[in-house]
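# Here is the input, now give the coordinates:
(one chain, ligands or ions: 1)
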Amino acid sequence: MADIEHYLQQVLSGRDLRMEQALDLAEHTESAVLFEAADRLRKKIHGNHFDLCSIINARSGMCSENCRFCAQSSRYQTDISTYDMVSYDEVRRQGKENENAGVARYSLVTAGREVSPEDIDSFGRMYAELGEESDLYFCASMGFLTRDKAEKLVACGVKRYHCNLETCRSFFPEVCTTHTWEQKVETIQIAREAGMDICSGGIIGLGESFRQRLELAFELRELGVFSIPINILTPIPGTPFGDNKELSLSEVLTCIALFRFINPHAVVRLAGGRSQLGEDQYRCFLSGANGAIVGNYLTTSGNNIEEDLAMIKSIGFSAGKLKEE
Ligand code: SF4
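Numbers count the residues shown, from 1 in each chain. Predicted coordinates for the structure are as follows:
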């Protein structure tokens with residue numbers, strides 16, 4: 001058996017876990033013991049604060065890229081509604097609804113490789129206007145950035161940029177060939193240099209090995225990412241990964257626990273795909289996760305916000321205000 005208390009102390013004393021130690025933990029620890037230790041680690045570092053955020057699909061579908069999991073790629077026949085640019089009224093309506101429900105972070109997310117400079121201006125005006133009308137904390141997820149676009153977003157009130165790596169560097173070519181993992185890292189660096197903090201994670205269940213899931217966790221640590229969304233693949237008919245086998249609960253929980261050990265100071269945020277776990281999704285928050293996207297996701301529907309928050313609070317978290325801003 002792995003000496004889990006030793007690893008826990010190591011991480012708590014600020015010494016990072018190495019890959020072979022993470023593998024030792026995963027392979028030589030009884031599952032229930034691993035999940036409980038990840039939960040203790042989360043509590044020691046983050047207390048019971050739960051980090052909530054919500055997103056709106058600000059441009060849906062018609063994407064030129066070929067990410068093999070994605071319903072929004074124009075290369076695959078999928079059953080989603082497509083539209084160009086969401087109206088400000090809809091951005092405002094959903095933002096206010098989320099804010100009233102106690103969800104402070106709000107992100108506009110666009111499908112596509114990048115957003116044109118003109119459209120960055122249009123989205124920027126939406127942020128600026130909603131900023132006048134709310135106390136929302138704004139995030140953006142708008143594909144590849146240039147320095148100019150990043151600076152415009154910052155000027156309009158965007159504080160955090162989201163760009164998922166999707167998967168680790170070694171598996172990325174199996175997932176997408178129209179852009180590279182390195183281009184994503186470049187956008188992360190541009191966003192950071194412009195003054196935004198970074199949200200970046202990935203999707204599990206794409207066909208990557210367990211070790212490759214851990215590689216992603218280590219790569220995010222190296223990039224200094226402190227908000228890590230973990231999506232669980234929902235295989236979408238019509239996409240190349242539409243027939244992938246869904247991950248078991250135990251595979252998901254093990255991954256979350258290891259992400260917690262490898263990235264102890266990050267918010268490990270459960271994102272798309274969690275509702276496919278049913279009530280068991282809440283076990284993720286007792287195995288190291290301490291954040292979630294609430295409401296609907298981009299192309300899959302989520303849980304009712306009020307019910308979701310009630311469940312999160314019932315397992316001991318306080319959810320609502322932002323902790324550090
Ligand atoms: S993940 Fe983003 S870039 Fe890739 S196909 Fe979907 S919308 Fe396009």
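
# contacts, neighbours, all on C-alpha from now
OK.

# how near is residue 15 to residue 34?
19 Å (C-alpha to C-alpha, to the nearest Å).

# Could you list the residues of the stretch 1-150 of the chain in contact with the ligand?
For the stretch 1-150 of the chain, the residues in contact with the ligand (C-alpha under 6 Å from any ligand atom) are 63, 65-67, 70, 72-73, 111-113.

# Most neighbours among these, which one is it?
residue 72 (28 neighbours; other C-alpha atoms under 10 Å).

# What residues does that residue make contact with?
If you count contacts by C-alpha atoms under 8 Å, 6 or more residues apart in numbering, residue 72 has them with 60-63, 78, 80, 111, 299.

# what's the most distant pair in these?
Farthest pair in those (C-alpha to C-alpha) is 78 and 111. Separation: 14.3 Å.

# still on that earlier bit, tell me which of residue 15 and residue 34 has more neighbours.
With other C-alpha under 10 Å as the criterion, residue 15 and residue 34 differ in neighbour count, and residue 34 comes out ahead with 23 against 11.

# Let me know the pLDDT of the closest residue to residue 48 other than its chain neighbours.
Spatially, and ignoring its direct neighbours in sequence, residue 48 is nearest to residue 317 (4.7 Å; C-alpha to C-alpha, 6 or more residues apart in numbering). Per-residue confidence (pLDDT) for residue 317: 92.

# With residue 207 instead?
What the model reports as pLDDT for residue 207 is 96.

# Report how many residues lie close to residue 84.
12.

# Return the per-residue confidence for it.
As summarised for this prediction, residue 84 has a pLDDT of 87.

# Can you report phi and psi for it?
Taking degrees, to the nearest 10, you get phi -80, psi -70 for the backbone angles of residue 84.

# Grab the nearest non-local neighbour of it.
Nearest non-adjacent residue to residue 84 (C-alpha to C-alpha, 6+ apart): residue 59, at 5.1 Å.

# State the distance from the one you found to residue 83.
Taking C-alpha to C-alpha, one finds residue 59 at 6 Å from residue 83.

# Likewise for residue 67?
Residue 67 sits 19 Å away from residue 83, going by C-alpha to C-alpha.

# related to what we said a few turns ago, in a markdown table: the contacts of residue 72, plus secondary structure, distance to residue 123 and pLDDT.
Putting the contacts of residue 72 into a markdown table (DSSP: H, G, I helix; E, B strand; the rest coil; distance: C-alpha to C-alpha, whole Å; pLDDT from 0 to 100) gives the following:
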| residue | secondary structure | distance to residue 123 | pLDDT |
| --- | --- | --- | --- |
| 60 | strand | 14 | 87 |
| 61 | coil | 17 | 86 |
| 62 | coil | 18 | 88 |
| 63 | strand | 18 | 90 |
| 78 | coil | 26 | 88 |
| 80 | coil | 22 | 84 |
| 111 | coil | 13 | 92 |
| 299 | coil | 20 | 52 |
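
# out of these, who has the most neighbours?
Neighbours were tallied for each of the contacts of residue 72 (criterion: other C-alpha under 10 Å), and the maximum of 25 neighbours falls on residue 111.

# and whatever helix or strand residue 92 lives in, average pLDDT?
Assigning secondary structure by DSSP states H and E places residue 92 in helix 88-100. For helix 88-100, the mean pLDDT works out to 92.

# hey, where'd the helices end up in the chain?
In the chain, the segments counted as helices under DSSP state H are 4-12, 19-27, 31-46, 88-100, 117-133, 147-155, 172-175, 181-193, 210-222, 249-262, 305-314.

# Check which residues of the third one are buried.
Going back to what we said before, that points to helix 31-46. By neighbour count on 16 or more other C-alpha atoms under 10 Å, the buried set for helix 31-46 is 31, 34-35, 37-43, 46.

# That helix - contacts with which helices or strands?
Contacts defined by 3 or more C-alpha pairs under 8 Å, 6 or more residues apart in numbering; DSSP states H and E place helix 31-46 against helix 4-12, helix 249-262.

# Buried residues, the first one. List them.
Buried residues in helix 4-12, counted by 16+ other C-alpha under 10 Å: 4, 7-8, 11-12.

# Cheers, nothing more for now.
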